[in-house]
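*Asks:* my questions concern the predicted model and sequence given below.
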Amino acid sequence: MHGSRINWMINQKRIIVGAGRSIWMDSGEMATPSTFDMNVTLNTGASKVQPQAYQGFVIYAGTGGKTLNIIQYSQDSGGYVGTELSMTARHLLTAGIKEFAVTETQIGAVIWVLLENGSLLSCSLDIGNSVIGWARHPLGYGQDQNEMVVQSIDVVSGSEDEYDKLLLVVKRSGYLLLESLSITIPDTLLQDSDSPAYIDCHSYHYSASGTDSLNVPYLGGETVDAIADQAVLPVRVVSPSGDVVYDRTFMRINIGFPIEAKLTILRPELPSNGTSIGKRRQYLSVTLRIHKTLGGKLQIEGRTIPILSLTPGEYEYGTTLELVTGDIKAEVSSSVDYEGSVTLVSEEPLPFNLLAIITKYGLVEV
């Protein structure tokens, strides 16, 4: 390829070749030893990371694995046109892309990106509505004080009535674990072996006669979260041998590493007699539009504001926790001149599905 090494080939409408300094496509003629020809279609290079065909698109990692790009064949131009999916998230990819996988989920396509340092990212993709959303997925630290990292990922395609599952090989506290991840939005918190659990690397256990203890050797010495018989249990530290005891009995339990989901609202620049840049401001209220959700809290100026708090005594153990859908308004009333931001946190082992954030500000014009 004119001195540029060929890194991969894929068939999507045409034969596409990713080279170190450009993307090539075949001429469309019958391929024979004398007529096969290639032409440059994009002057952006590609890394050795294998590309993925998705619907009518090709997704590939750019030069050095520092960007993620998507291209599609255009009848008008007779070639491929594309865009960079990571334009607003380049700071997340500085370690370089090791591999990535595309899954179809209940909420649409998700690109899972594994970096060379073992970090996991996701890119929620809705091409029809021009939606691209990036997120980090830190796994935290194990009891050996080493960061838990992902070593490899792959996809198990779903059947006609199932969505795809992501398979991960994860290193946790010296163990290599094969884990699966799927995205579903349940109607209730009914528990069985197939129910989703909002706990990392969780396992499901059942006792017909009921029990207050459990042996989970792979969690020995770890701090764990659990939900049992549809109730949230207190955080516990598992003994080195894997034993954990609770102050109540249960039949069904999901137990694993805690998850903390965090979202920080960017400071908007508001149209107000020109612009709000340089003007004093105050956060007045935050309205969250949620879907089948429990738990969560807002953090602002060192204060914590519960959203759907699981207050002890308000929920009877063992009964179904009703998931909430609708708008929840929180009066935050920050100080004037507050230049910080509002952070939304969900750290209970419960679903938190956020659809929109509506923030009310006050601006001082002088």
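*Replies:* Arrived safely, thanks for sending.
*Asks:* mind checking the end-to-end distance for stretch 210-230?
*Replies:* Separation of the first and last residues of stretch 210-230 by CA to CA, to the nearest Å is 14 Å.
*Asks:* what mean pLDDT does that stretch have?
*Replies:* Across stretch 210-230, pLDDT averages out at 91.
*Asks:* look up how far A226 lies from the residue nearest the centre of the chain.
*Replies:* The residue lying closest to the centre of the chain (CA atoms, centre = their mean) is S122, at 4.5 Å. Between S122 and A226 the computed distance is 25 Å (CB to CB, to the nearest Å). For the C-beta atoms, the positions are set from N, CA and C on the backbone; glycine is no exception.
*Asks:* same question, Q145
*Replies:* 23 Å.
*Asks:* neighbour count: those two, which is higher?
*Replies:* A direct count of neighbours by other CB atoms under 10 Å for Q145 and A226 places A226 higher, at 25 against 7.
*Asks:* mind telling me what element that one is part of?
*Replies:* A226 is part of strand 223-228 when elements are defined by DSSP states H and E.
*Asks:* buried sites along whichever helix or strand comes after that strand?
*Replies:* Heading C-terminal from strand 223-228, the first helix or strand you meet, by DSSP H and E, is strand 231-237. By 16 or more other CB atoms under 10 Å, the buried positions in strand 231-237 come out as 231-233, 236.
*Asks:* same check, this time on stretch 158-166
*Replies:* Burial within stretch 158-166, assessed by neighbour count using 16+ other CB under 10 Å, is assigned to 164-166.
*Asks:* for V156, state which of those residues is nearest.
*Replies:* K165 (4.5 Å; CB to CB).
*Asks:* who's that closest one bridged to?
*Replies:* Counting by DSSP bridges, K165 forms beta bridges with V156.
*Asks:* also the one 5 residues further on?
*Replies:* Listed by DSSP bridges, the beta-bridge partners for V170 are V150, L177.
*Asks:* contact partners for the residue nearest to L288 when sequence neighbours are not counted?
*Replies:* Leaving out its chain neighbours, the residue that sits closest to L288 by CB to CB, 6 or more residues apart in numbering is I328, at 4.9 Å. If you count contacts by CB atoms under 8 Å, 6 or more residues apart in numbering, I328 has them with 287-288, 290, 307-308.
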